[in-house]
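> quick one: sequence and predicted model below, then my questions.
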Amino acid sequence: MALSLTIKEEKKLSRPDIFFSLARVPGTHQVYCGSSDGAVYFTDLQAEKPEPVVLDGGAVRHRPGGYVTGLALAADQSRLVSGAYDRQLIWWDAASRKPVHAVANAHAKWIRKVVASPDGKLIASVADDMVCRLWDGYSGALLAELRGHEAETPHHYPSMLFTCAFSADGSRLATADKTGRLVVWDVPSQQAIATLDASCMYTWDPKQRRHSIGGVRSLAFSPDGRMLAAGGIGQIGNIDHLGANARFRLFDWEKGETLAEIESPEFKGLVERLAFHPQGQWLLGCGGDHGGFAIVIDPATRKIAYEGKAPFHVHDFALTESSDRIIVAGHNGLAVKQVAAA
């Protein structure tokens, strides 16, 4: 039977800033969001009139105007970890919403992503210094460094390490960069066990701008850990704009095989976030260019099952436990979207 879904907007909260990252409190519509103004906000979207409340860290805070690009709840939800372009990681006590630990120079360059392992014991952070670091989810102690990405692109310009994702059992971690190189790591041994190629998501302009754009912006393991999905953008004609179609690549990472190359016929822009349904029924990708999109892929047929507009360029989202709601964060707002069988 063909997969058929509808996604409809249920609630929207407009903002003057951009939310780049989001972490949802399990079992609720309460979320933390990382902003373009350098602050972290808490919002209860089930309130009659949701109002984002800034987390006041006093002297411990991200640099004003420094994008907060990573948020993750860890240590049995008792800790919130934020990472930003100021290269800093901050551990917040989730109950008091006060900082308890900070690493001022957690990375040498901009932090791009912060994720928690499924059991919350580990935090992984990636940055433009091309290093993935593993931290204790509760204390913030540095546990390991994973180095598997080149500092420069093939054209000798600085590369970027955009994203990372844990497998559902926490035994694997994938990282991906601007040039489309993916590395799968065995978490217990901290060893690279596979490398994959998605260079189709990297564009180099050798004439007009001598500049590159694109890269793998999002990753997700299937619930059984066998499939790894990568999201990005196709080959861009005008590198000053995101003028290419949203693109997905599905891998059997253990065999090193590409299972499918999927490009949206309708929407242009970056696939900024990916997540599988908890039982693997579908794969959701959200992102955008000037506008936003939500695209659902059927893993069985490896084809697009749904494409629709999002209320704005989406940078992050979270699924509820039943996957009947999606909370999206991005340019100028938050929104709750309902997922239902068509």
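Looks like it arrived, so ask away. On a predicted model such as this, the values are computed, not experimentally measured, just so you know. Numbers count the residues shown, from 1 in each chain.
> please make it C-alpha for all contacts and neighbour counts, starting now.
Noted.
> which intervals of the stretch 101-250 of the chain have sub-threshold pLDDT?
207-212, 237-242 (pLDDT under 70).
> sketch out the strands for it, chain order is fine.
111-116, 122-127, 132-136, 142-146, 161-166, 172-177, 181-186, 191-197, 202-205, 211-214, 218-221, 227-233, 245-252 (DSSP state E, counting those that start in this stretch).
> I'd like to know which of those lies nearest to Lys8.
strand 245-252 (20.6 Å; C-alpha to C-alpha).
> how about the contacts made by Ala310?
291-294 (C-alpha atoms under 8 Å, 6 or more residues apart in numbering).
> turn the residues you listed into CSV, including distance to Gly180.
Output for the contacts of Ala310, formatted as CSV (distance: C-alpha to C-alpha, whole Å):
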residue, distance to Gly180
Gly291, 24
Gly292, 23
Phe293, 22
Ala294, 22
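> in strands only, show me these.
292-294 (DSSP state E).
> mind putting the strands of the stretch 101-250 of the chain into CSV with distance to Ser322 and mean neighbour count?
Below are the strands of the stretch 101-250 of the chain laid out as CSV (distance: least, C-alpha to C-alpha, whole Å; neighbours: other C-alpha atoms under 10 Å):
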stretch, distance to Ser322, mean neighbour count
strand 111-116, 20, 27
strand 122-127, 25, 27
strand 132-136, 29, 22
strand 142-146, 33, 15
strand 161-166, 20, 27
strand 172-177, 24, 26
strand 181-186, 28, 22
strand 191-197, 32, 17
strand 202-205, 35, 19
strand 211-214, 33, 20
strand 218-221, 18, 27
strand 227-233, 21, 26
strand 245-252, 24, 23
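> quick revisit: pLDDT-wise, what's the bottom of the contacts of Ala310?
Within the set of the contacts of Ala310, pLDDT is lowest for Gly291 (91).
> from Glu48, how far off is that one?
Per C-alpha to C-alpha, to the nearest Å, Gly291 is found 27 Å from Glu48.
> these two: which is more packed in?
Shown here are Gly291 and Glu48; by other C-alpha atoms under 10 Å, Gly291 has more neighbours (16 against 7).
> so what's Leu283 up against?
Counted by C-alpha under 8 Å, 6+ apart, Leu283 has contacts 274-277, 296-299.
> which strand residues bridge it?
Here Leu283 sits in beta bridges with Phe276, Ile297, going by DSSP bridges.
> go on, Asp136?
Beta-bridge partners of Asp136, as defined by DSSP bridges: Leu122.
> I'd guessed it sits against Ala124; true?
No. Assessed by C-alpha atoms under 8 Å, Asp136 is found out of contact with Ala124, at 9.1 Å.
> now do the nearest residue to Met227 once chain neighbours are set aside against Leu146, distance only.
Nearest non-adjacent residue to Met227, counting by C-alpha to C-alpha, 6 or more residues apart in numbering: Asp252, 5.0 Å away. Counting by C-alpha to C-alpha, the gap from Asp252 to Leu146 is 22 Å.
> hang on, Asp177 packs against Thr163?
Yes. If you go by C-alpha under 8 Å, Asp177 and Thr163 touch, sitting 7.1 Å apart.
> what touches both of those two?
216-217.
> one step back: I'd like the strands of the stretch 101-250 of the chain as JSON lines, with distance to Ala340 appended.
Formatted as JSON lines, those follow (distance: least, C-alpha to C-alpha, whole Å):
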{"stretch": "strand 111-116", "distance to Ala340": "28"}
{"stretch": "strand 122-127", "distance to Ala340": "33"}
{"stretch": "strand 132-136", "distance to Ala340": "37"}
{"stretch": "strand 142-146", "distance to Ala340": "40"}
{"stretch": "strand 161-166", "distance to Ala340": "26"}
{"stretch": "strand 172-177", "distance to Ala340": "30"}
{"stretch": "strand 181-186", "distance to Ala340": "33"}
{"stretch": "strand 191-197", "distance to Ala340": "34"}
{"stretch": "strand 202-205", "distance to Ala340": "34"}
{"stretch": "strand 211-214", "distance to Ala340": "32"}
{"stretch": "strand 218-221", "distance to Ala340": "22"}
{"stretch": "strand 227-233", "distance to Ala340": "23"}
{"stretch": "strand 245-252", "distance to Ala340": "23"}
